[in-house]
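any chance you could fold what I've pasted below:
(2 chains)
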Amino acid sequence: EAGVVQSPRYKIIEKKQPVAFWCNPISGHNTLYWYLQNLGQGPELLIRYENEEAVDDSQLPKDRFSAERLKGVDSTLKIQPAELGDSAVYLCASSLGGSANEQFFGPGTRLTVL
Amino acid sequence: GDSVTQMEGPVTLSEEAFLTINCTYTATGYPSLFWYVQYPGEGLQLLLKATKADDKGSNKGFEATYRKETTSFHLEKGSVQVSDSAVYFCALFSDTGRRALTFGSGTRLQVQP
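The predicted model follows:
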């Protein structure tokens, strides 16, 4: 069974440029998460989807970040415009939902903003 | 809000030494507790979990017991190997909170031969 797929794995852009990250969750997983991981820190939730609905986007900086999960399968996270402080690893995870269900993580996209 | 505190690293041990990584948490209700591991160049993987008080999670020789009275979930292994070198994250999931994982800051383990 394929795991969570993310692309690109690495992205280097200049500040003020737009950038997009893509995630394809494990088949059948209705819950999808985007986490932000700064260097030397644990991941922090940006947004949680249940199917196609964003049920928790309270930590998503909506002035520059947007996300979508059309058809309740794959998802895209966008930053426009990017700032120097956005340099981090962006992780996507999926699960069947529920507190005891394991979240499966993708390899992440490492963003560097110059 | 929910939070997880784990000991800072790096932790450097010799092969076959005993490992303890401390983890304490603050949460409303009765969260599920997890340890995730991140090997060099790889993504986060679930190592073990416990869903209620006094449960013991175990995997690959690692163990952790859910202690509600001390709000702790310390990770232990009796004899570490070089291949255990990685970053370990303690995390909780609360049904009454944000319904997402809340992570500690991670502890880097380096095992020397």
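
not counting sequence-adjacent ones, nearest residue to residue 67?
With no chain named, the answer covers chain A. Computed as Cβ to Cβ, 6 or more residues apart in numbering or on different chains, the closest residue to A:A67 that is not its neighbour in sequence is A:L77, at 4.8 Å. Where you see a C-beta, it was placed from the backbone N, CA and C, and this is true even at glycine.

try again with chain B
Residue nearest to B:R67 in three dimensions, not counting chain neighbours: B:F73, with 7.0 Å by Cβ to Cβ, 6+ apart.

swap in A:S66?
For A:S66, ignoring the flanking residues on the chain, the nearest one in space by Cβ to Cβ, 6+ apart is A:K78 at 4.9 Å.

so who does the one you found touch?
Under the criterion of Cβ atoms under 8 Å, 6 or more residues apart in numbering or on different chains, the neighbours of A:K78 are A:P18, A:V19, A:A20, A:F21, A:F65, A:S66, A:A67.

got a PyMOL select line for the buried ones in the residues you listed?
Remark: buried members of the contacts of A:K78, expressed as a PyMOL selection using 16 or more other Cβ atoms under 10 Å in any protein chain shown:
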select buried, chain A and resi 19+21+65+66+67
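
tell me the one of the contacts of A:K78 nearest A:V113?
A:V19 (8.2 Å; Cβ to Cβ).

hmm, that closest one is touching A:L77, no?
No - with contacts defined as Cβ atoms under 8 Å, A:V19 does not count as touching A:L77, sitting 9.0 Å away.

adding secondary structure and pLDDT, write the contacts of A:K78 out as TSV.
Rendered in TSV, the data for those read as follows (DSSP: H, G, I helix; E, B strand; the rest coil; pLDDT from 0 to 100):
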residue	secondary structure	pLDDT
A:P18	coil	97
A:V19	strand	98
A:A20	strand	98
A:F21	strand	97
A:F65	strand	97
A:S66	strand	96
A:A67	strand	97
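
spatially, which two of the contacts of A:K78 are the most separated?
Using Cβ to Cβ for every pair in the contacts of A:K78, the one that comes out farthest apart is A:P18 and A:A67, at 13.7 Å.

just the element for residue 49, please.
Let's take chain A. Taking DSSP states H and E as the definition, A:Y49 sits inside strand A:44-50.

could you do chain B instead?
Counting by DSSP H and E, the element that carries B:K49 is strand B:44-50.

ok, back up a step: now the residue nearest to A:A67: how far from A:L39?
Computed with Cβ to Cβ, to the nearest Å, the distance linking A:L77 and A:L39 is 19 Å.

look at those two and report which has more neighbours.
A:L77 (23 against 8; other Cβ atoms under 10 Å in any protein chain shown).

pairing partners for the helix or strand harbouring the more buried one, with directions?
Taking DSSP H and E as the criterion, A:L77 maps to strand A:75-79. Partner strands for strand A:75-79, per DSSP bridges, with pairing direction: strand A:19-24 (antiparallel), strand A:65-68 (antiparallel).

please point out which parts of the next helix or strand after the strand holding A:Y49 sit buried.
Past strand A:44-50, further along toward the C-terminus, the next helix or strand under DSSP H and E is strand A:53-56. Applying a neighbour-count criterion of 16+ other Cβ under 10 Å, one finds A:A54, A:D56 buried in strand A:53-56.

that older thread, chain center to the strand holding A:L77, what's the gap?
Shown here is strand A:75-79, whose average C-alpha point lies 7 Å from the average C-alpha point of the whole chain (Cα atoms, centre = their mean, to the nearest Å).

list the contacts of the strand holding B:K49.
A:43, A:91, A:93, A:100, A:102-105, B:32-39, B:56-60, B:62-66, B:73, B:75, B:88-89.
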